[in-house]
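Student: here is my input; please provide its structure:
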Amino acid sequence: MPALTEHHAKILGPLISPFERSSMKALKTHLRAGEGHNKEFMYAIHDGIDNHKPTTPYVELSIEERDEHGVLNGIKYFPKCYLWVIDKISLKIMYENTPNILRGEEIPDKPFVCHTNITGCEKAYIGGEMYFCEDGCIYINFISDRYGWPETDEKKLMAIEVMEFHGYKNVKMLKGY
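Tutor: Residues are numbered from 1 along each chain as shown. So this is what the prediction gives:
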């Protein structure tokens, strides 16, 4: 699959630093331990250019889980959640339940990766969460303290277009996002 086009970058742009669009930006003056690097997580970062299903690991949301846990209504179901980011090159995806020991030492209730572990704390266009569902749909939102909360619907629609450009089908925006 091809990398991001100039058209994609123009609509999604500009690239932003972590927390730049976050409503909690004033509270986030620095990254915590384990949040600003990605070298140890390279094995778990799936590049959308390669193919459309992550392999480290690939977990699929069942229709029953989707309905029982309210995923379509925007309720997070952590065991099946992936993080996604569109950086300057392509779409990157990582299973959110990937352990992050350093982060866990500082934040015991969050011992897992975050969006900046995908980018190595570099700039990106946009990010959020996604679920691969057995119904053939990929459900996404734009929840990311680091790269989420896009200013316009045009950017949200362009993120979906980028996902489709990379071979993903049936990408659906979750309610309220």
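
Student: what's the biggest strand in the protein, counting residues?
Tutor: If you go by DSSP state E, the chain has its longest strand at strand 126-132.

Student: which elements pack onto the helix or strand following that one?
Tutor: Downstream of strand 126-132, the first helix or strand assigned by DSSP states H and E is strand 138-140. Strand 138-140 is packed against strand 126-132, helix 153-165, strand 171-173, with contacts defined by 3 or more C-beta pairs under 8 Å, 6 or more residues apart in numbering; DSSP states H and E. The C-beta positions use only the backbone N, C-alpha and C, and glycine is treated the same way.

Student: using TSV, lay out the ones you listed together with mean neighbour count and mean pLDDT.
Tutor: As requested, those are arranged in TSV below (neighbours: other C-beta atoms under 10 Å; pLDDT from 0 to 100):
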stretch	mean neighbour count	mean pLDDT
strand 126-132	24	97
helix 153-165	17	96
strand 171-173	15	97
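
Student: and of those, who's closest to K76?
Tutor: Nearest of the helices and strands packed on strand 138-140 to K76, taken as C-beta to C-beta: strand 126-132 at 6.9 Å.

Student: alpha carbons only: can I get the closest one in PDB?
Tutor: Output of strand 126-132 as PDB, limited to C-alpha atoms (Å, rounded to 0.1, in the frame of the first residue of the first chain):
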ATOM      1  CA  ILE A 126      -4.500  12.600  14.300                       C
ATOM      2  CA  GLY A 127      -5.200   9.600  16.600                       C
ATOM      3  CA  GLY A 128      -7.800   7.600  18.500                       C
ATOM      4  CA  GLU A 129      -9.000   4.100  19.400                       C
ATOM      5  CA  MET A 130     -10.300   1.300  17.100                       C
ATOM      6  CA  TYR A 131     -11.900  -2.100  17.300                       C
ATOM      7  CA  PHE A 132     -11.800  -4.800  14.700                       C
END
